[in-house]
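> have a look at this prediction, sequence included:
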Amino acid sequence: MLSSRKRLLAAAPVAALSALLAFSGNPAVQAADPGSSDAPAKPRKPAALKVMTQNLYLGASLDPAIEAQGDTVALLQAVAGIYETAIASDFPARAAVLADTIAAEKPHVIGLQEVSKWSALRLKGEGGALPNVDFLTVLLDELEERGLSYVVASDGEDEAVSENADISAPLASETYGCPMPTSQTDVSCLATLMDRDVILVASRAPLEISAVRSGSFAHQETFSGGPLGEISFARGWTLADATFKGRKVRLLDTHLEIGRFANVQTWQGWEFVHGPAKTGPKRQLIALGDFNSAADGSSTVTYELLTSYLDDTWTQANGDAPGYTCCQNDLLSNPESQLRERIDLILTKGTRGTAWARVVGDQPVAGASDGPRYAADHAGVVAKVRLR
């Protein structure tokens, strides 16, 4: 129990006098030599890391493919629709908007999800080359055009890239002159989606990367792809252990399973906090990602699980403010923002708290009447994290 203010005030002079007498009367008590090892360490200058999380949006909803389980024709129709929509979503134009946001915020670290690579190949028949787009290459090029140098976090051997889904399927698209296959050997065109999570770091940032690791969750949702076999999004995580201004920090990025597969998602959350999010007492943690669990508890229990171990920078900085980050419609065409959930998070452990956190990219792009009105279906989050 705390003593009363009067007792503290009365005791203070006595304590001070006793300490002074002990110091002056005891030859063993000496002033510390500034050059000796016994000298008290100088307090370190405050350090803060500015970080960002952003789901790039692969360009289309995958729901039609999931719902076509076991129906080969429906699955191939879904694949064609997904590929055509993804290409029409015009990631190069969206990447330019994202690059403008990054240029305005200048984060030291960016955790990206749905860093897609769409590849398509014409195996036979007439027609030109099919559209291919690598989101990572396009975004890095846009950043470079703005005089910004960002690189994939690397320890010199490995890069902070979680290679998740790698799904190939016959492409039956009238738009691109690819007919419906009549058999498994009669395939004219092939489409491939590669999904990745990536950690980017600013070249200007005083970050020294010592180790990089990536992994996959043991719990995964799968569905039948008919003749394609069992399909999984193979979700995982990637991390980079680094030193920033003398502070040891782990940078971690992930994308958990969607809310419709709540049980798998919650198990992935459990694996996350008990696996890559566990650090020693001297290493602080900053975890970035699309966790697919609404912060208000309206969708799954995963957010509650995560925040029982980790701190949410948004609530540290903004309390109960909504901070919605998901989601615009699949075509990114809604005139007004329709974000209604906060699922994109920056979580920490062992830091000194959060100076501020804000949502970015949540409003329509000015003057975007044709094509996508938003850079992604998710807004991004940027936070300034104080390190101890």
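Good, I have the coordinates.

> how about the helices in the stretch 51-200 of the chain?
With helices called from DSSP state H, counting those that start in this stretch, the stretch 51-200 of the chain shows them at 63-67, 72-88, 91-105, 135-145.

> what residues are bridge-paired with the spatially closest residue to Leu130 that is not a sequence neighbour?
Leaving out its chain neighbours, the residue that sits closest to Leu130 by CB to CB, 6 or more residues apart in numbering is Ala120, at 3.6 Å. Where you see a C-beta, it was placed from the backbone N, CA and C, and this is true even at glycine. Bridge pairing for Ala120 (DSSP bridges) gives the partners Ala191.

> ok, Ala120 to Arg146 distance?
Ala120 is 29 Å from Arg146, where distance means CB to CB, to the nearest Å.

> cool, Ala93 as well?
In this view, Ala93 and Arg146 are 15 Å apart by CB to CB.

> quick one on the thing from earlier: which one's more surrounded, Ala120 and Arg146?
Taking neighbours as other CB atoms under 10 Å, Ala120 and Arg146 compare with Ala120 leading, 21 against 12.

> so where's this protein shaky on pLDDT?
Within the chain, the segments meeting pLDDT under 70 span 1-43.

> apply 50 and report the result again.
For the chain, applying pLDDT under 50 flags the ranges 1-37.

> skipping adjacent residues, who's closest to the residue nearest to the spatial centre of it in space?
Most central in the chain under CA atoms, centre = their mean is Gly289, positioned 2.9 Å from the mean C-alpha point. Nearest-residue entry for Gly289: Thr254, 4.2 Å, with adjacent residues in sequence omitted and distances by CB to CB, 6+ apart.

> confirm that the one you found sits in a strand.
Yes. Per DSSP: H, G, I helix; E, B strand; the rest coil, Thr254 lies within a strand segment.

> can you pull the contacts of it?
Going by CB atoms under 8 Å, 6 or more residues apart in numbering, Thr254 touches 113, 162, 197, 235-238, 272, 276, 287-291.

> export only the CA atoms of stretch 214-230, formatted as PDB.
This file holds the C-alpha atoms of stretch 214-230, laid out as PDB (Å, rounded to 0.1, in the frame of the first residue of the first chain):
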ATOM      1  CA  SER A 214      10.000 -18.200 -43.700                       C
ATOM      2  CA  GLY A 215       7.500 -21.000 -43.000                       C
ATOM      3  CA  SER A 216       4.100 -22.400 -43.700                       C
ATOM      4  CA  PHE A 217       1.300 -23.100 -41.100                       C
ATOM      5  CA  ALA A 218       0.600 -26.700 -40.300                       C
ATOM      6  CA  HIS A 219      -3.100 -26.000 -40.400                       C
ATOM      7  CA  GLN A 220      -4.300 -25.300 -44.000                       C
ATOM      8  CA  GLU A 221      -7.700 -25.100 -45.600                       C
ATOM      9  CA  THR A 222      -8.000 -27.200 -48.800                       C
ATOM     10  CA  PHE A 223     -10.700 -27.800 -51.400                       C
ATOM     11  CA  SER A 224     -11.200 -30.100 -54.300                       C
ATOM     12  CA  GLY A 225      -9.900 -29.000 -57.700                       C
ATOM     13  CA  GLY A 226     -11.400 -31.900 -59.500                       C
ATOM     14  CA  PRO A 227      -8.800 -33.000 -62.100                       C
ATOM     15  CA  LEU A 228      -6.400 -30.500 -60.700                       C
ATOM     16  CA  GLY A 229      -6.300 -32.400 -57.400                       C
ATOM     17  CA  GLU A 230      -6.500 -30.900 -53.900                       C
END
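
> TSV please, covering the contacts of Thr254 and showing secondary structure and distance to Glu336.
Shown next, in TSV, are those (DSSP: H, G, I helix; E, B strand; the rest coil; distance: CB to CB, whole Å):
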residue	secondary structure	distance to Glu336
Gln113	strand	24
Ser162	strand	34
Asp197	strand	30
Arg235	coil	31
Gly236	strand	35
Trp237	strand	34
Thr238	strand	35
Phe272	helix	34
Pro276	coil	38
Ala287	strand	31
Leu288	strand	27
Gly289	strand	27
Asp290	strand	22
Phe291	coil	25
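
> nearest to Arg204, of those residues?
Proximity of these to Arg204 was ranked by CB to CB; the top entry is Leu288 with 19.3 Å.

> my guess is the closest one meets Gly111, correct?
Yes. At 2.9 Å, Leu288 counts as touching Gly111 under the criterion of CB atoms under 8 Å.

> higher neighbour count, those two?
Set Leu288 next to Gly111 and count neighbours by other CB under 10 Å: Gly111 wins out with 31 against 27.
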